[in-house]
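Student: Need a 3D model of the following:
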Amino acid sequence: MQALLPNTRLLDAIKPLRPFMDAEVFGLRRDWKVFSHVFKPVGLEFVQSAGFRSLSPIFESLRRTTDLFKPIFEDLRRHEEEARRVEDAGWLPHYTTPFELLDDPDLSTEAIAQILVAHYVDGWSQVRATFEAAVQDYDVDTAAKAAMIEALDSHQAGRFRSVVALLFNEIERVTRVEFHGGAPVQISSVHSLQEAAGSLEPSELAPSGMAGMRLFGRLVNHLYVTVKTSADVERLVVDPVPNRHAATHGLVIYGSAKNSLNTLIMADYVFQVVTVVKARQRQEAAA
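Tutor: Coordinates of the predicted model:
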């Protein structure tokens, strides 16, 4: 299961730069130590002094260190922009998202939406196959895997509301089984799941990078937020990513293909979190 976003394992990408970064930081510390002995803030006299001239290597070290990070920050900015544009068009960024078709920075939100509609309708067979391959890699029980296949069947048949209801229930059931030993605890806000997701590196999930961070943000700040006011309802009505409280209590009708697919994407993300956390636990137990 590979993300379609290129070069998004940014934490891993930084590792080759560490020797250069460490050298620059060492040089910066050395230069600052020298400078601190001669610094005398005395206006023009200081500007003309050796102390002021000793600032030059410090600034040069800062410049070189900053230059090392420029490509990484530019990569972050670009991928964040790609993910944001997809979400603005109504879909969550995912490894099934055709980012290669969205490279043109001049594409409008409406144009991006049209591309995504065509992709997820005309290309559904391949999209479904990608989801099904991911399901086989989940370290969750048979019932959870069956629920994902059932949800894919329902989406394909146009039963979009049933996808939302089924997967919200299944996410809570899996959370209860995996993080609470199956105990009948109240976990409608799934704090344990959110904490588990927050403990992982972005590169451990797909999509990685900024797209994955957006899914994490939705898990923490949207999916399980309680609806308290009419303003909350109005906000959720126009948001294509379903909210569990609004769906369960009939406050919002989630009956669109976007609602359904976004729920499939979030369920996929959650089951990946469970899978990676369990793998970590096995590694720690074996250590």
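Student: and the gap between Gln114 and Gln156?
Tutor: To Gln156, Gln114 is 21 Å away according to C-beta to C-beta, to the nearest Å. For the C-beta atoms, the positions are set from N, CA and C on the backbone; glycine is no exception.
Student: And for Ala287?
Tutor: Using C-beta to C-beta, Ala287 is found at 43 Å from Gln156.
Student: So between these two, which is more surrounded?
Tutor: Gln156 (14 against 5; other C-beta atoms under 10 Å).
Student: I'd guessed that one sits against Val127; true?
Tutor: No. If you go by C-beta atoms under 8 Å, Gln156 and Val127 don't touch, sitting 10.0 Å apart.
Student: my read: Gly212 touches Ala197, true?
Tutor: No. Between Gly212 and Ala197 there is no contact under C-beta under 8 Å: 9.7 Å.
Student: neighbour count winner among these two?
Tutor: Gly212 (28 against 22).
Student: Report pLDDT for the more buried one.
Tutor: Listed pLDDT for Gly212 reads 93.
Student: So that it lines up with my notes, have the first residue be 899 from now on.
Tutor: Fine by me, first position is 899 from now on; the one you just mentioned is Gly1110.
Student: any idea which helix or strand carries it?
Tutor: helix 1107-1119 (DSSP states H and E).
Student: distance between that helix and the chain's centre?
Tutor: 3 Å (C-alpha atoms, centre = their mean, to the nearest Å).
Student: mind saving the C-alpha coords of it as CSV?
Tutor: C-alpha atoms of helix 1107-1119 as CSV (Å, rounded to 0.1, in the frame of the first residue of the first chain):
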residue,chain,number,x,y,z
GLY,A,1107,3.4,13.6,5.0
MET,A,1108,1.0,16.6,5.0
ALA,A,1109,-1.9,14.6,3.5
GLY,A,1110,-1.7,12.2,6.5
MET,A,1111,-1.5,15.0,8.9
ARG,A,1112,-4.8,16.3,7.5
LEU,A,1113,-6.4,13.0,8.2
PHE,A,1114,-5.1,13.0,11.7
GLY,A,1115,-6.5,16.5,12.1
ARG,A,1116,-9.9,15.3,11.0
LEU,A,1117,-9.8,12.4,13.5
VAL,A,1118,-8.9,14.7,16.4
ASN,A,1119,-10.9,17.8,15.5
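Student: So, low pLDDT: which residues of the stretch 1049-1185 of the chain?
Tutor: 1085-1087 (pLDDT under 70).
Student: where exactly do the strands run in it?
Tutor: Using DSSP state E, counting those that start in this stretch, the stretch 1049-1185 of the chain contains no strands.
Student: can you pull out the helices in it?
Tutor: Using DSSP state H, counting those that start in this stretch, the helices of the stretch 1049-1185 of the chain run over 1058-1078, 1089-1096, 1107-1119, 1128-1135, 1142-1146, 1155-1184.
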